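# Curious how this folds, go ahead:
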Amino acid sequence: MYHLRLKGDHYEMGVKRGKIFKRYQISFPLQLDHFQLEHGKQSEEILRKFFPEVCEEIRGVSDVLGVEYLQFASWMLCMGCCMYNLENNIPVEIHGCTAFAYTRGGRVIYGRNNDLPPYLRDGSKSEIYAPENGNRFHITTSSFINGEEGLNEHGLAVAMTFVMTDLAKIQAGFNSCFIVRYLLEKANNTEQAISLLMDLPIASNCNILVADKCGSMAVVECTPTIKRIREGEQVQDGKIVCTVNSFISEELKPYDDAKGNDYDSQKRYRVVLDSFSLGRIRKDYIETTKELLKGDYGFMCQYDSEPDFETVWSSIFDLENLVIYRAEGDPRKKNFMRDNRLHNIKFKTQKAVET
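Presented below is the predicted three-dimensional model:
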């Protein structure tokens, strides 16, 4: 996993990334069919309307690489949405992620297993952003510029999970990974994040989890035509919200086009909820959250029978302290390492201002 820090003007952050790509001779399969290119062009107009800064960051990358900006932006906007010919023409995109947040004993903790084809593992990134006129944040991604999850300096965690969408239902709009980036940079808490999200045009089915350090948390189940807010559930002396690769609310279940081919989403969801309702999450919250993600309490990351699918990273966020614990690979085999970068940026800066 790559670890990068970016700060300042969005275009210049893109230029810095582009120079890294160029130095290491990294190229991209910008092979879009007519549907994808048209979807990308229309979605870029929406992205530019709501988040023009990130478009300039994309332009910085494309200018350095010498590729046409709109084609490059279109390719990025098809990811996690309609990139069915990515990596040697894989017929459909496959994702099996589990994300949850809970509050207990005055702590707010977020956890995630990011489950993907293993070819995406080595190129995954853990990045710190300090953009001009935006929140400082950490983002973890199998792509770049956008991401699957993150935590910002205000103690707001944002994460996505993929839900299959029939191509005929896809519309121009934000894909789930750009939603994560947008909310991390623009929102300070769960209420603001949901307000911003409700105004966004959505390209395809997804779940967006938001949780803040005060314990406010929800999952917004999104389709191109409907958004539904699912609040956290009370369990014993706390609250839990969880998202997988399907819709939980009865209202949106008919919009899920996976038809059950979702890497045991419901099983993973029940393992998380049951772990809290049965009292398995003890007061050593970080350690027991690690155990949950490792599959000690039931099926979470045990994809041994799947030939080309695995947990490529696992994350735990402590929202109050802005500390991240991350296993860069299958959490049964890799240790969780502590990442203090966001904590140090926020609290060292705060201490300097106070003195």
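# Mind splitting the chain into its structural domains?
2-89, 98-354 (automatic domain parsing).
# mind checking how far the residue nearest the centre of the chain is from residue 112?
Nearest residue to the geometric centre of the chain (CA atoms, centre = their mean): residue 148, 1.7 Å. Relative to residue 112, residue 148 is positioned 8 Å away (CB to CB, to the nearest Å). To be clear about C-beta, it is placed using only N, CA and C from the backbone, and glycine gets the same treatment.
# overlap in contacts of those two?
The contact sets of residue 148 and residue 112 overlap at 97, 159 (CB atoms under 8 Å, 6 or more residues apart in numbering).
# Let me know which of the domains of the chain is tucked in deepest.
Scoring the domains of the chain by mean neighbour count under mean count of other CB atoms under 10 Å gives domain 98-354 as the most buried, with a mean of 20.
# and it, how far out from the chain's middle?
6 Å (CA atoms, centre = their mean, to the nearest Å).
# per-residue confidence for the residue nearest to the centre of the chain?
For residue 148, the pLDDT comes out at 98.
# same thing with residue 350?
66.
# got it, and the one 5 residues further on?
Listed pLDDT for residue 355 reads 41.
# Now for residue 184: which residues touch it?
Here residue 184 is in contact with 129, 135, 137, 139, 150-152, 156, 158 (criterion: CB under 8 Å, 6+ apart).
# right, and the residue nearest to the centre of the chain touches residue 113 too?
No: using CB atoms under 8 Å, residue 148 is not in contact with residue 113, being 10.7 Å away.
# Now for these two: what residues contact both?
Contacts common to residue 148 and residue 113, judged by CB under 8 Å, 6+ apart, are residue 97.
# where do the strands sit along the stretch 201-350 of the chain?
206-212, 217-222, 227-231, 233-235, 238-243, 310-318, 323-327, 337-339 (DSSP state E, counting those that start in this stretch).
# which stretch in those has the least confidence?
Comparing mean pLDDT across the strands of the stretch 201-350 of the chain, the weakest is strand 233-235, with a mean of 91.
# Residues touching that strand, excluding its own?
By CB under 8 Å, 6+ apart, strand 233-235 touches 102, 239-241, 273, 276-277.
# Kindly report the same for stretch 249-268.
For stretch 249-268, the surrounding residues in contact (CB under 8 Å, 6+ apart) are 94-96, 98, 115, 163-166, 169, 205, 221, 223, 226, 228, 230, 244-247, 298-300, 303, 306, 309.
# Provide a list of residues in contact with residue 116.
94-97, 142, 309-310, 312.
# Please produce TSV containing those residues, extended by distance to residue 20.
As requested, the contacts of residue 116 are exported to TSV (distance: CB to CB, whole Å):
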residue	distance to residue 20
94	28
95	26
96	29
97	26
142	17
309	28
310	26
312	21
